[in-house]
Structures are given as C-alpha cells and as structure tokens.
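J.: sequence below, structure please.
(2 chains)
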Amino acid sequence: MSVVLSLRGISKNFGAVAALSEVDLDVAAGEVVAVVGDNGAGKSTLVKVLAGVHRADSGTIAFEGAPVTIGSPAGAHALGIATVFQDLALCENLNVVENLFLGRELRRSRLDEVTMELRSWELLRQLSAKIPTVRVPVASLSGGQRQTVAIARSLLGDPKVIVLDEPTAALGVAQTAEVLALIERLRDRGLGVIMISHNMADVRAVADRVAVLRLGRNNGVFAASAVSEQDIIAAIVGAVPVPEDHRGSDDDT
Amino acid sequence: MTTRESEAAAPLDLLDERLRHGGGWRAVARAGWERLRAGDVGPLPIVAGLVVIWTVFQLLNPAFLSSANLVNLLMESVAVGVIALGVVCVLLVGQIDLSVGSVSGLSAALTAVTFVNSGWPLPLALAAAIGAGAAIGWLYAQLVTRLGVPSFVATLAGLLSFLGLQLYLLGSTGAINLPYDSGPVHFAQLAFVPEWLSYLLVVAAALALFGAGHGLARTRRAAGLSARSTPLLVARSAAVLVGGVLAVRYLNQGRGVGWMVVAFVALVLVLNYALTRTAWGRSVFAVGGNAEAARRAGINVRRVYTSAFVLCSSLAALGGVLAASRLAAANQASGAGDVNLNAIAAAVIGGTSLFGGRGSAFSALLGILVIQSISSGLTLLDLDSSFRFIVTGLVLALAVALDSAARRSRAAHGRA
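T.: Numbers count the residues shown, from 1 in each chain, chains lettered A, B, ... in the order given. You can find the predicted model right below:
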C-alpha cells in the first residue's frame, strides 16, 4: 500500500502546554487508521493540524511523498485532505445542497442550482445515503443524516485523505452502523481514512491500524486484527504493558 | 432494468419512499400549510398585519386609502426603506447597525454642504456622501472583526459620533436648503412614471417572472428533477400582473408611481438576486447561520462581515440623500428621531430575523410599508409623533416576539 499522508515529529505547543510532541502518523490509500487516546491526549489538536486550523510548531508533513505545509483550511482542502469535525460544521439554516456546496458554489455570480442538486444526489447515492430530500434545512435531519451530509461534503473536492473526528460519538445504534458502513465504502473507494474515536467497538469494527496517543505523544501503533482491546486500553491509559506469559497468573491465584 | 424504468417515472429528487408527494395544486397547498404550522411563516403575518392596519385606518379616516394618500405613502417610504434594505444585510450576518439614522443624517449634511455650499457637481457630491457611508461601514467591520467589539456597541458609538459630525457640518444655522430645481429634489418630489410606462413595467415584471420560472422548470425537468408545473407558474405571473395593474391604475388616479419608488423596488430586486442567486448571498446566510462552519467551509468570514457593514452604511447614506432630497433640505433633524428605529423595525417586521441567517430583501419593502402606513394613518388622525412612537414601538415588540416564537417553533419542528 502506498502511503498518502505521513507526519513526522509533529509538535504543537499552546503556551507552556505541549499538546503534541514528536508525533508520527502514516496513512495509506485504502486504509482506515484509528487514532485513539484519552481526553487531552492531543487527538483534537492533531485533527486541527491536519485540517489547517492550527499550524504545527515543528515537524514535517509529507503528502504523496512530497513535503508540504498546511497553512489554512483552504490549503488543506487544496492538497486533498478533507476533515469532518465532530460538530460537523454545517449551517443549520441552509439546506443539504447549499451545505454540500458551501464555499465552492458552481457559477458564483449566477448559481447553477440544477447541476449542484444533481451532483448532490449523485454523491448521496454513491454513499447509499438515506436522505429523503435535499431541499430541507439541515436542522430537520437526524444525527446520522447530518454526519452523512458532512462526509459527503468532504468528498466533493475529491480528497485523497479524509479525517473524521469522533464520527459516531453522538449517534444511536442504527445510525452508528450506517456511518461505519459509510467509512468502509470510503476505504473501498481508495481513500485514506483517519478516524478519531473513543469507541473501541467502532475502532475494531472498521480500523486497519490503531494509533494510540497519550499526553501528546505516540504510544504505539497496532494492527487492528492482531491487537486485543485490553492492549489498546493499556496503551491509552499508560499502564505498563503486561508480558503475555504473566497475564493469566492473576486470574489463577 | 425494471428499477430503471420505475425511476424514470419519478423525478430524481422525489424517489425516496418516505416522501409524501403528489402533483399539482393540492401538493403545493399542503406543503405550504405544513411549512406554516412548523413556524416557517414567511410573509403571511406581515401581509395580514398590513390588511388589518389599512382596514382600521380606512374606517377611522376614509382619506387613508385615497390614491393621493397612497402615492404619498409610497414616496415617503422610500428613504427609510432603502436604509432598511441595508439593515437587512447586517441582520442576515447576525450583526446589527444601530447608527443607520446618524449615518443617513451625516450623508444628508455632507451632500448639502458639498453640493450647495461648496458648489461641487452633483455626481461628485453624491459619490462623496455614499463613499463616506461606505468608509463608515468599513470602519465598523474593522472594529467588529479585528478588535472583536460587539457590533451594537461599535455602532452605538458611531451613532453619537456621526450625529456630532452632522451637527458640526451643518454649522450654526443648522439647516441647508437644497435648490428646488436641482436633480435630486426633482427626482424625490416630482418625477413620476408616465402612465403607459407604468403599465408596461408591470407587464414586463410579470413576463420576466414567468420567463425565469419557466426557464428554471425546463432545465430542472431536462435534468430529471421535479419542477413547478407550468399552470402554477402562469397563475403566479397572472396574480402579479393583475395585482400590479390594479395598483398602478389606482395610483395613476393620483399623481402616479414615483420614479423613486420604482428605483427602490429595483434596488430590492437587485439585492434579492444577490442574496439568493450568488455565492456572496449564500455566504451571507451561512455566516449568519453558523459563522464557524462558514469559516471552515473556506469562506472568508471577515470579508463577508465587511461587505455587509459596508453595504448597510452605504445604503443608509443613500437613504439619507433621498430623505434630504424629499425634504429639499438637510437639517439637524435629518436622520434623527425615529429614522434609526424605523429602519431596523422595518427589516424585522418584514421578517428578517434578529438572530441572523434568515430573511430576505423583500422584508425591507414589506416592513417599511407597515411602518409608513402606521405613521401616515396616525398623521391623518391628527395624532402627533408621540402616538407614532408608541404604536411603532409596540409593533416592533410584536414583530420581535413573533420572530422569537417562530424560531422556537422551527427548532421544535426541525426547520432551523
């Protein structure tokens, strides 16, 4: 698999607080990398660095092998890194089409509503999205539908990498399943997916690799198929990894 | 293949089985009723309010609905209506400008000083007045976007400062008359559309409305999307045609339709186009709805705020020039008194939300008709400005209460 996005030694300080120090992360095309960590581990900061909201203080970012700087949200987008924030950043007073094309409307001085609506439908169909009509304000959609709209919007610029911040945090069971299926479809389309999550079940359901952050530092990268939930949690909370042959002994005694 | 065929039968955007839909009039009526129940009231309360106000005043004084009074009412509406149009822009981005009255007064004074006292050519004097308005708007935008000053404080400071500047410019006499034979005064007092041309304008408007609607429906159908049916479009244009012809015919029994009124309506239409059919308009609504989301979508939020403030103050300046032209003078009372609140009230009464992200250019037009009707009706009843202030204040309170209630209802019905 070819690595699309590669972070090396990324650090970001807020005053005296080191939110990220020397963080490395790779994501390949057609791969889902889950980034997990406790509160304050630096997950959100990492998302914001990738999205161009914050600029890293040091470290290098390579995109498709070439070193790049991500200076602004628009810059991240131009590179091909799309970010879906936890709060989705949708305008509730605008309808689905208006939200999907916000900031990149077709024919800026005489909006091409018909083409925008057609392309919205096309995109939503590709994602097998269950949205009855695109001409209602986003406020009237359910949480899962809004997540779908936010993800669909991030796909409009034809990105190579998509960053999802807590995509299932606010969702019910059915909606979570819907979004996880959507993430798998993104992977099948050959996108690199970085998924920030708290939910171990979701991580294990879709992730290929799991990167653990702890207190702003890397604390291990695991292949999702080979790692147990306990090992991930141990890495998250910083417990000393227990050697394999000692594990059973506590239960025995 | 069978799914293909069944899909071809229904428009692409109406495929979902959860959608309840049907063709024709009943579907339109039902959709309208459901929007209404959900609190998406549109211009209905304001039209109803206008009917009530007109009925009451007509009963109290039969001269109210005379063509002479209506002609006058329309001419009197324009200056504050133009200011209200600017207020709509700042309200849409979720900000407010409390200084539009002072800015209009300052611009009136500036026009009078440059045009009359200094003898500048008219275009230069007008450009100076409106340019000053634009500069004021830019200044507000800098205060709000760079220093983070709340807009109501920044503009409240402006209210006092620019009132002071206006008084300073007018000097010790406190008033400067504009010559009666000058262009602006003629435009604001005596320029009426010839009768034949006023009918032609109505017909052109109806045809343009139909043409635009029909063109859109055709492209939508060609693209496989649902579209308004042609009879519906014909009915809409016919309604505009009949209503327009009746109104114009009645007004022409008096002095007719003022060019100033036509210019105001044209300005409303231009702003409506800009707000609904351009990327700039979309960004205005987006910033008013969720500024952070707009910023992350790559919209230059600071520039959108700046455009709204500049547009507002420029239109306020234009309104000031029109008010001075109507009065044939700029004095210390230009833009003072209730001008400020009337302009803001007109925008809100017309249905532009104080909370940002909802409204339309037409709200300035409808709102100012309500305000001016009240003002005119009370004047005809020989009630002085004390009553006018009280009634206008109450109507404003009612409109804001309605706005808040509708907002809550929309939230409950998931319509934002």
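
J.: residue boundaries of the strands in the stretch 151-300 of chain B?
T.: B:175-177 (DSSP state E, counting those that start in this stretch).

J.: for it, what lies in contact range of chain A?
T.: Residues of the stretch 151-300 of chain B lying close to chain A (CB under 8 Å from any CB of the partner chain) are B:216, B:219-220, B:223-225, B:277-280, B:282-283, B:285-286, B:288-290, B:292-299. The way it works is simple: take the backbone N, C-alpha and C, and place the C-beta from them, glycine included.

J.: out of these, which are buried?
T.: B:220, B:223, B:225, B:277-280, B:282-283, B:285-286, B:288-290, B:293-299 (16 or more other CB atoms under 10 Å in any protein chain shown).

J.: from the residues of the stretch 151-300 of chain B next to chain A, which land in helices?
T.: The members of those that map onto helices under DSSP state H are B:216, B:219-220, B:277, B:279-280, B:282-283, B:285-286, B:288-289, B:292-296.

J.: from chain A, which residue is nearest to chain B?
T.: residue A:139 (3.0 Å; CB to the nearest CB).

J.: test my guess that that residue contacts residue A:91.
T.: No - between residue A:139 and residue A:91 there is no contact, the gap being 9.4 Å when judged by CB atoms under 8 Å.

J.: neighbour count winner among these two?
T.: Neighbours were counted for residue A:139 and for residue A:91 using other CB atoms under 10 Å in any protein chain shown; residue A:91 has more, 27 against 19.

J.: let me see the contact set for the residue lying closest to the more buried one once chain neighbours are set aside.
T.: Excluding the flanking residues, the one nearest residue A:91 by CB to CB, 6 or more residues apart in numbering or on different chains is residue B:289, at 4.0 Å. Under the criterion of CB atoms under 8 Å, 6 or more residues apart in numbering or on different chains, the neighbours of residue B:289 are A:91-94, B:356-357, B:416.

J.: about what we covered before: is the residue of chain A closest to chain B in a helix, a strand, or coil?
T.: helix (DSSP: H, G, I helix; E, B strand; the rest coil).

J.: wait, what's in contact with residue B:342?
T.: B:80, B:84, B:368, B:371, B:392.

J.: what does the pLDDT read for it?
T.: We have a pLDDT of 92 for residue B:342.

J.: cool, residue A:244 as well?
T.: For residue A:244, the model assigns a pLDDT of 50.

J.: and residue A:203, by the same measure?
T.: The per-residue confidence score, pLDDT, reads 90 for residue A:203.

J.: SS state for residue A:194?
T.: strand.

J.: what residues are up against it?
T.: A:5, A:25, A:27, A:33, A:35, A:50, A:161-164.

J.: in strands, which of those appear?
T.: A:5, A:25, A:27, A:33, A:35, A:161-164 (DSSP state E).

J.: all the helices of the stretch 1-150 of chain A, residue numbers only.
T.: Assigned by DSSP state H, counting those that start in this stretch, the helices in the stretch 1-150 of chain A fall at A:43-51, A:73-79, A:96-100, A:113-126, A:143-155.

J.: what's the first one packed up against?
T.: Which is helix A:43-51. Under the contact definition 3 or more CB pairs under 8 Å, 6 or more residues apart in numbering or on different chains; DSSP states H and E, helix A:43-51 sits against strand A:3-14, strand A:17-28, strand A:31-37, helix A:73-79, strand A:81-84, strand A:161-165, strand A:192-196.

J.: keeping just the C-alphas, turn that helix into CSV.
T.: Taking Å, rounded to 0.1, in the frame of the first residue of the first chain, the C-alpha atoms of helix A:43-51 are listed here in CSV:
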residue,chain,number,x,y,z
LYS,A,43,-6.4,14.0,19.2
SER,A,44,-8.3,17.2,18.5
THR,A,45,-5.0,19.2,18.1
LEU,A,46,-3.8,16.6,15.6
VAL,A,47,-7.1,16.9,13.7
LYS,A,48,-6.7,20.7,13.6
VAL,A,49,-3.1,20.5,12.4
LEU,A,50,-4.3,18.2,9.6
ALA,A,51,-7.2,20.5,8.8
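
J.: now do the buried residues in it.
T.: Of the residues in helix A:43-51, those buried (16+ other CB under 10 Å) are A:43-51.

J.: run the angle between it and strand A:161-165 for me.
T.: Interaxial angle, helix A:43-51 versus strand A:161-165 (axes from the mean of the first three to the mean of the last three CA atoms, to 10 degrees): 150 degrees.

J.: and helix A:43-51, what's its mean pLDDT?
T.: 91.

J.: which outside residues touch it?
T.: For helix A:43-51, contacts defined as CB under 8 Å, 6+ apart pick out A:5, A:10, A:12, A:19-20, A:23, A:25, A:35-37, A:54-56, A:70, A:73, A:76, A:81, A:83, A:85-86, A:161, A:163, A:165, A:194, A:196, A:213, A:216, B:296.

J.: now do it against strand A:31-37, angle only.
T.: 140 degrees.

J.: show me how far helix A:43-51 is from its chain's centre.
T.: The chain centre lies 10 Å from the centre of helix A:43-51; the measure is CA atoms, centre = their mean, to the nearest Å.

J.: my read is that residue A:86 contacts residue A:166, right?
T.: Yes - here residue A:86 reaches residue A:166: they are 4.4 Å apart, a contact under CB under 8 Å.

J.: follow-up on the earlier one: put the buried members of the contacts of residue A:194 into a ChimeraX selection.
T.: Of the contacts of residue A:194, the buried ones can be selected in ChimeraX as follows, counting by 16+ other CB under 10 Å:
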select /A:5,25,27,33,35,50,161,162,163,164
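
J.: give me the helix or strand of the chain that scores worst on average pLDDT.
T.: No chain was given, so I picked chain A. helix A:249-252 (a mean of 44; mean pLDDT, DSSP states H and E).

J.: quick check: bridge partners of residue B:177?
T.: Residues in a beta bridge with residue B:177, per DSSP bridges, are residue B:329.

J.: isn't residue A:179 up against residue A:168?
T.: Yes - the pair residue A:179 and residue A:168 qualifies as a contact (CB under 8 Å) at a distance of 5.5 Å.

J.: of those two, which one has the most company?
T.: Taking other CB under 10 Å, residue A:179 and residue A:168 do not tie; residue A:168 has more neighbours (27 against 20).

J.: just the element for the nearest residue to the more buried one once chain neighbours are set aside, please.
T.: Distances taken as CB to CB, 6+ apart place residue A:176 nearest to residue A:168, at 4.5 Å, with adjacent residues excluded. For residue A:176, the host element (DSSP states H and E) is helix A:173-188.
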